[in-house]
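[1] Could you work out the structure for the sequence below:
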Amino acid sequence: GNARDARWETDGRALVEGCGCGCCAGGYSRAYVYHLTNVNEMLGETLLTMHNVWDYAMFFGRIRESIREGRFEELSAEFFKHRTSSKE
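    Residues are numbered from 1 along each chain as shown. Take a look at the predicted model:
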């Protein structure tokens, strides 16, 4: 999603449902983040950064786990399958 997308203006949901980051789990809504980014309030960018850092940490955690468990190729194939199908 895009925090400046007008569809977020009245959206009371978290950025990503079920996300455990400080923004999503902290109760900040898409509408609030939309407002903050559109009035150039630094907190908006901070909340988005918190979300993105969490997302990357979880992603790389899954990669490390898959390597330890010997299933990195499977994870990689699933990742690229999903990424390719979401662009269609």
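[2] got the residue ranges for the helices in this structure?
    Here the chain has its helices, by DSSP state H, at 30-38, 42-68, 72-86.
[3] starting at the chain centroid, how far to the second one?
    This means helix 42-68. The chain centroid and the centroid of helix 42-68 are separated by 8 Å under C-alpha atoms, centre = their mean, to the nearest Å.
[4] who does the helix or strand bottoming out on mean pLDDT in the chain touch, helix- and strand-wise?
    The weakest-scoring helix or strand in the chain, judged by mean pLDDT, DSSP states H and E, is helix 72-86 (a mean of 86). Applying 3 or more C-beta pairs under 8 Å, 6 or more residues apart in numbering; DSSP states H and E, one finds that helix 72-86 makes contact with helix 42-68. From N, CA and C alone the C-beta is placed, and that goes for glycine too.
[5] List the buried residues for the helix it packs on?
    Neighbour counts over helix 42-68 (16 or more other C-beta atoms under 10 Å) mark 44, 47, 48, 50, 51, 54, 55, 66 as buried.
[6] how about the closest residue to the third one other than its chain neighbours, what does it touch?
    Right, residue 48. Counting by C-beta to C-beta, 6 or more residues apart in numbering, residue 48 lies nearest to residue 3, which is 5.9 Å off, once chain neighbours are set aside. Going by C-beta atoms under 8 Å, 6 or more residues apart in numbering, residue 3 touches 30, 33, 34, 37, 44, 48.
[7] close enough to count as contact, residue 47 and residue 33?
    Yes. Between residue 47 and residue 33 there is a contact at 5.6 Å, judged by C-beta atoms under 8 Å.
[8] Need the residues touching each of those two.
    Joint contacts of residue 47 and residue 33 (C-beta under 8 Å, 6+ apart) are residue 23.
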